[in-house]
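In: Sequence and predicted structure below; questions after.
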Amino acid sequence: MPSSIRSCQLAVVGGGIGGLAAALAAARAGRTVTLVERATRFGEIGAGLQLAPNASLALDELGVLADVQRTAVTPPRLVMMDAVSGVQITELDLRSEAYRERFRHPYLVTHRTDLHAALLAACQAHPLVTLRTGRTVTRADQDDSDVRLHFEETNEVLTADAVVAADGLRSRLRQALVGDEDPVCSRYVAFRGALPADRMTGRMSQHAASEAVMVWAGPRSHLVQYPVRRGELYNQVAVFESDHYTPDSDDWGTEAELEERFAGACQAVRDALPLVSRDRRWPLYDRPPLDAWVHGRIALLGDAAHPMLQYLAQGACQALEDATALGRALEESADITDAFAAYAGRRRQRAGLMQTNARRFGEICHLEGTAAVLRNTLLGSRSADGFDDISWVWTPTAGTVTAAA
């Protein structure tokens, strides 16, 4: 017979950034929360990530912004470079008066593990949050009154009034509820990692010292660079489209292809390439926008709801927006199903636009030939404090359809 874990008002499945943020937001709204994570210990893999002002606003609402800022870097500029010619295309001044007046909150770059650690510590300190590891959800049974989660590792059953599925790109709960197809592979891969800042020399050292976010846009490829962890580490992400992708094989997007794709890049990019981490390659996936985020007493959040390509640097940012929207909805309504409906209503359209526009910006970034020249000319005419075209991304309350158009 299954044994019962004490019931809670809300169960969160998944202990990544989105899950921890959701648990913290719900607890701050006064709900008892049990978060279950399939790994035996909490942790986050990956390297750096960018937190635009919509994310730092969400972190402020969650009460952890100051903790994140202790290790994060506040870059002065976002710079797009032509990866072939080495010429600057455009930049945004993130310390200008125009930026501060428009967005109020800082643009941050941080190591993913540092953000995760800040959220984890806040959850551990909150009296309404219970954290349980080593529990993989195999089944969720629900009726009009509650949801019962079953686990692979134990015969326990967790009963909750409702469940938030924050279990990532390949969410088991999403698959059970939605039954959609596998995530869509973009045929692009990323090699990413952070290296000690003292390993850099020459032009790389100059870029790191500037603390700017550097985006080198090339034909079907790009390189992103920025400092993290108080400038002690330098994060690099090399992304390219593979010519050898096949859906039934893992033998594509190799190091040899990485070298081949960037062979025509300028000297600054070629100098950086040997220092890009090769420990792991990351195929890049997304999904089309989903209409139904709520299924009875189960709601999807983060990558389980809206996985997106990274070209707008909004994956983690949108998960944090999800969490704060959920927290506000739980504060406004005592009925958890009404709160779920309000949460999905506020978030679904905006997150869907992020998914589709991330794809489009990737296409713009990866243009080649005459199209790349036209891109450079058009973007080169914008001013460093002109934020009209990005403000809908960085402003959670912006009108979504009009702004995205």
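Out: Great, that's in hand.

In: quick one: the closest residue to Arg261 other than its chain neighbours from Arg172, how far?
Out: Distance criterion C-beta to C-beta, 6 or more residues apart in numbering; nearest residue to Arg261, sequence neighbours excluded, is Phe240 at 4.1 Å. All C-beta spots, glycine's among them, are computed from the backbone N, C-alpha and C. Separation of Phe240 from Arg172 (C-beta to C-beta, to the nearest Å): 31 Å.

In: before we move on, what about Thr130?
Out: 21 Å.

In: What's the local residue count around His150?
Out: 17 (other C-beta atoms under 10 Å).

In: Please apply the same query to Glu101.
Out: Glu101, neighbours per other C-beta under 10 Å, totals 9.

In: Quick one: residues contacting the closest residue to Arg104 other than its chain neighbours.
Out: Excluding the flanking residues, the one nearest Arg104 by C-beta to C-beta, 6+ apart is Pro53, at 7.0 Å. Pro53 is in contact with Phe103, Arg104, His105, Pro106, Tyr107, Trp394, Thr395, counting by C-beta atoms under 8 Å, 6 or more residues apart in numbering.

In: Which helix or strand contains Glu61?
Out: helix 53-62 (DSSP states H and E).

In: Can you name the next helix or strand after that helix?
Out: By DSSP H and E, the next helix or strand past helix 53-62 is helix 65-69.

In: Now do the same for that following helix: mean pLDDT, whole number.
Out: Averaged over helix 65-69, pLDDT sits at 98.

In: which of the residues in that helix are buried?
Out: Leu65, Asp67, Val68, Gln69 (16 or more other C-beta atoms under 10 Å).

In: Now Gly264: closest residue in space that isn't a chain neighbour?
Out: Per C-beta to C-beta, 6+ apart, closest to Gly264 is Val84, 6.2 Å.

In: Surely the one you found and Cys266 touch.
Out: Yes - look at Val84 against Cys266 with C-beta atoms under 8 Å: they come within range, at 6.2 Å.

In: Leu353 falls within a helix, correct?
Out: Yes - the assignment for Leu353 is a helix, going by DSSP: H, G, I helix; E, B strand; the rest coil.

In: give me the number of residues near it?
Out: 19.

In: And for Asp335?
Out: 11.

In: likewise Arg187?
Out: With other C-beta under 10 Å as criterion, Arg187 counts 18.

In: Next one, pLDDT for it please.
Out: 97.

In: Leaving out chain neighbours, which residue sits closest to it?
Out: Closest to Arg187 by C-beta to C-beta, 6+ apart is Tyr245, at 4.3 Å.

In: returning to what we had before: what's whichever strand or helix holds the residue nearest to Arg261 packed up against?
Out: Using DSSP H and E, Phe240 maps to strand 233-241. If you count contacts as 3 or more C-beta pairs under 8 Å, 6 or more residues apart in numbering; DSSP states H and E, strand 233-241 packs onto strand 48-51, strand 108-111, strand 184-196, strand 221-228, helix 255-261.

In: what's the weakest-modelled helix or strand in the protein?
Out: helix 400-404 (a mean of 45; mean pLDDT, DSSP states H and E).

In: Please work out how many residues are found near Arg170.
Out: Neighbours of Arg170 (other C-beta under 10 Å): 13.

In: right, and it touches Pro183 too?
Out: Yes - using C-beta under 8 Å, Arg170 is in contact with Pro183, at 6.9 Å.

In: For the residue nearest to Ala165 when sequence neighbours are not counted, which residues are in contact?
Out: Distances taken as C-beta to C-beta, 6+ apart put Leu173 closest to Ala165, at 3.7 Å, once the chain neighbours are dropped. By C-beta under 8 Å, 6+ apart, the residues touching Leu173 are Val13, Val137, Ala140, Val163, Ala165, Asp167, Ile298, Leu300, Ala304.

In: Let me see the contact set for the first one.
Out: If a contact means C-beta under 8 Å, 6+ apart, then Val13 has Gly19, Leu35, Val36, Val137, Leu149, Val163, Val164, Ala165, Ala166, Asp167, Leu173 as its contacts.

In: repeat that with 10 Å
Out: By C-beta atoms under 10 Å, 6 or more residues apart in numbering, the contact set of Val13 is 19, 22, 34-38, 135-137, 140, 149, 158, 163-168, 171-173, 298, 301, 304.

In: Endpoints of stretch 91-99, how far apart?
Out: 13 Å (C-alpha to C-alpha, to the nearest Å).

In: now the helices for the chain?
Out: 17-28, 53-62, 65-69, 97-103, 112-125, 172-178, 202-210, 255-261, 267-272, 315-332, 336-365, 369-380, 391-394, 400-404 (DSSP state H).

In: so can I have a markdown table of those showing distance to Ala194?
Out: Output for these, formatted as a markdown table (distance: least, C-beta to C-beta, whole Å):
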| stretch | distance to Ala194 |
| --- | --- |
| helix 17-28 | 17 |
| helix 53-62 | 19 |
| helix 65-69 | 16 |
| helix 97-103 | 26 |
| helix 112-125 | 9 |
| helix 172-178 | 30 |
| helix 202-210 | 11 |
| helix 255-261 | 18 |
| helix 267-272 | 13 |
| helix 315-332 | 16 |
| helix 336-365 | 22 |
| helix 369-380 | 28 |
| helix 391-394 | 24 |
| helix 400-404 | 32 |
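
In: which of those is buried the deepest?
Out: With neighbours taken as mean count of other C-beta atoms under 10 Å, the helices of the chain reach their highest mean count in helix 17-28, at a mean of 29.

In: quick one: stretch 9-28 to chain centroid distance?
Out: The chain centroid and the centroid of stretch 9-28 are separated by 16 Å under C-alpha atoms, centre = their mean, to the nearest Å.

In: give the contact list for the residue nearest to Ile298 when sequence neighbours are not counted.
Out: Nearest non-adjacent residue to Ile298, counting by C-beta to C-beta, 6+ apart: Val163, 4.7 Å away. Neighbouring residues of Val163 by C-beta under 10 Å, 6+ apart: 10-13, 34, 36, 137, 140, 142, 146-149, 173, 295-300, 336, 340.
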